[in-house]
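> Sharing a sequence plus its predicted fold:
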There are 2 protein chains.
Amino acid sequence: MPPNGLKLLGAWFSPFALRVQISLNLKGLDYEVVEETLNPKSDLLLKSNPVHKKIPVLFHGDKVICDSTIIVEYIDEVWTNAPSILPSNAYDRANARFWVAWIDDKWLTSMRSILVAEDDEAKKPHLEQIEEIHERMEEVLNKFSEGKAFFGGDTIGYLDICLGSIWDWNRVMEEMNGRKVFDEAKNPALAKWAKTFAAHPAVNGLLPDTHNLIEFAEVFERKWTAEAAQ
Amino acid sequence: MPPNGLKLLGAWFSPFALRVQISLNLKGLDYEVVEETLNPKSDLLLKSNPVHKKIPVLFHGDKVICDSTIIVEYIDEVWTNAPSILPSNAYDRANARFWVAWIDDKWLTSMRSILVAEDDEAKKPHLEQIEEIHERMEEVLNKFSEGKAFFGGDTIGYLDICLGSIWDWNRVMEEMNGRKVFDEAKNPALAKWAKTFAAHPAVNGLLPDTHNLIEFAEVFERKWTAEAAQ
């Protein structure tokens, strides 16, 4: 473990662990990554997050912090010297929190529903919900960024990290369902943003390979479908 | 509207609007309350919170803030001179946010499930989930408060406000279902906390009458049952 005592319990496929890694990178912090396989859940996970039993978990010395958005806020509040992740203005912070909570609610519900849906007809409203996320974010990006590269302006911020971490799942959904989920022509600002985000030094190299994600998603599809049938 | 431009769009029965009122009171702020009837939803609500169409909404001059927890954080961040609502330490803040998110997830799901459940058998697991919230909060209170009056220590804080605002619904559930939901003997610290909370000057006088809440809940029960049957 590095001298700062930072250890992340995450997994290569987890968009939520990715948020934490990007945040730690942005702050220029050293950290150890422990890969959670989830099959079965490790003792470390069960002991450190007994309430949700979910990754990511951040260990900071003897402190344990759970939930991706709570961890990102924690990192931003403890390491205040480096670039700020949340906007500096209280109203902008409220807006960023609002959209992140909205995305997390809509996106996770949609993803799960798509993976357990029995046929294309059942998937349709949930794939459309993901398209709605894109349309809404295109509007928000145009409104917030005022022509700058990121939701937060010139630098990557909270909403960038939280949306950017789930972004590659668009391609996973597209390849698994044989249809477009993200429309570049309809959402040009977002298309440009996604490229700039992926190329950012704090992000570049962290994004998992799409084909590996698809293989993984197929495992989850079988697991969730089996659970839904119970 | 008072000179500070603060206006709350809320409703007497809403535990989420109550969080905002308590926070504004704690900060010693003047504010106007606009009562939302929800039947139908007002133009002001639809226009100011087009995404969720839910109360509470806080207007602060030309700024519009939605979602109770986001509003409470906003109030705390803008009026920093008065007593702090979120803990001053980043780790304590992370813990308070973690438990509030957990309560909101468990509680709202349980309440809705209890109100739409067809019979006592269907209600049972959800009533038990509310009991689990109490047991967990008893543990957390004993751990965090170190014998002090509140979750936040000597003064009311974020977790106190968020849990305290839904507290009276225990009695609503008890009267509507003819069974105990909160066990004072099992959760003595929480029982004492609830009394101290209700008597606090920022809270006292705001809590709605239980019998009015029951009448209101019966309306929701019919509405949600009808929606669930569709």
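Now that the structure is in, tell me what you want to look at.
> Just name whatever secondary elements the helix or strand hosting residue A:110 is in contact with.
Taking DSSP states H and E as the definition, residue A:110 sits inside helix A:90-116. Counting contacts by 3 or more C-beta pairs under 8 Å, 6 or more residues apart in numbering or on different chains; DSSP states H and E, helix A:90-116 packs against helix A:68-78, helix A:120-145, helix A:158-164, helix A:169-177, helix A:210-229, strand B:63-66, helix B:68-78. Where C-beta positions appear, they are placed from N, C-alpha and C, glycine not excepted.
> mind checking how far it is from the chain centre?
10 Å (C-alpha atoms, centre = their mean, to the nearest Å).
> tilt between it and helix B:90-116?
Relative orientation of helix A:90-116 versus helix B:90-116 (axes from the mean of the first three to the mean of the last three C-alpha atoms, to 10 degrees): 50 degrees.
> mind listing what residue A:205 touches?
Going by C-beta atoms under 8 Å, 6 or more residues apart in numbering or on different chains, residue A:205 touches no other residue.
> what mean pLDDT would you report for the helix holding residue A:110?
For helix A:90-116, mean pLDDT rounds to 94.
> Quick one: name the residues of chain A near chain B.
Residues of chain A found near chain B (C-beta under 8 Å from any C-beta of the partner chain) are A:51-52, A:60, A:63, A:65-67, A:70-71, A:73-74, A:77-78, A:90-91, A:93-94, A:97-98, A:101-102, A:136.
> And chain A, what are its domain boundaries?
A:6-78, A:90-229 (the TED database).
> Spit out the contact partners of the closest residue to residue A:64 other than its chain neighbours.
Nearest residue to residue A:64 in three dimensions, chain neighbours excluded: residue A:48, at 5.0 Å (C-beta to C-beta, 6 or more residues apart in numbering or on different chains). Residues counted as contacts of residue A:48 (C-beta under 8 Å, 6+ apart) are A:9, A:57, A:59, A:64, A:66.
> Now the strand or helix carrying residue A:47: buried residues?
Taking DSSP H and E as the definition, one finds residue A:47 inside helix A:43-48. For helix A:43-48, burial by neighbour count (16 or more other C-beta atoms under 10 Å in any protein chain shown) applies to A:45, A:48.
> Off-centre distance for the helix or strand following that helix?
Later in the chain than helix A:43-48, the nearest helix or strand by DSSP H and E is strand A:57-60. Taking C-alpha atoms, centre = their mean, the mean C-alpha location of strand A:57-60 is offset from the chain mean by 17 Å.
> Neighbouring strands of strand A:57-60 in the sheet, and parallel or not?
Strand pairing for strand A:57-60, determined by DSSP bridges: strand A:6-10 (antiparallel), strand A:63-66 (antiparallel).
> Show residues contacting it.
Applying C-beta under 8 Å, 6+ apart, the set of residues contacting strand A:57-60 is A:4-9, A:20, A:44-45, A:48-49, A:64-66, A:71, A:74-75, A:78, B:91.
> again, only this time at 10 Å
Outside strand A:57-60, the residues that touch it by C-beta atoms under 10 Å, 6 or more residues apart in numbering or on different chains are A:1, A:4-10, A:17, A:20, A:23-24, A:29, A:31-32, A:34, A:36, A:44-45, A:47-49, A:64-68, A:70-72, A:74-75, A:78, B:90-91, B:94.
> So the spatially closest residue to residue A:137 that is not a sequence neighbour, which state does it fall into?
Closest residue in space to residue A:137, ignoring its immediate chain neighbours: residue A:190 at 5.7 Å, by C-beta to C-beta, 6+ apart. For residue A:190, the assignment made with DSSP: H, G, I helix; E, B strand; the rest coil gives helix.
> Which secondary structure element of chain A has the lowest mean pLDDT?
Using mean pLDDT, DSSP states H and E, the weakest-scoring helix or strand in chain A turns out to be helix A:210-229, at a mean of 85.
> Could you pull out the buried residues of it?
A:213-214, A:216-217, A:224.
> And for stretch A:99-115?
Going by 16+ other C-beta under 10 Å, stretch A:99-115 has these buried residues: A:99-104, A:106-107, A:110-111, A:113-115.
> picking that back up, closest one of the buried residues of helix A:210-229 to chain B?
Comparing those against chain B with C-beta to the nearest C-beta places residue A:224 closest, at 18.6 Å.
> Tell me how many other residues crowd the closest residue to residue A:146 other than its chain neighbours.
Spatial nearest neighbour of residue A:146, excluding adjacent residues (C-beta to C-beta, 6+ apart): residue A:153 at 7.5 Å. Per other C-beta atoms under 10 Å in any protein chain shown, the neighbour tally for residue A:153 reads 16.
> And residue A:153, how far from residue A:139?
Per C-beta to C-beta, to the nearest Å, residue A:153 is found 17 Å from residue A:139.
> now residue A:19
23 Å.
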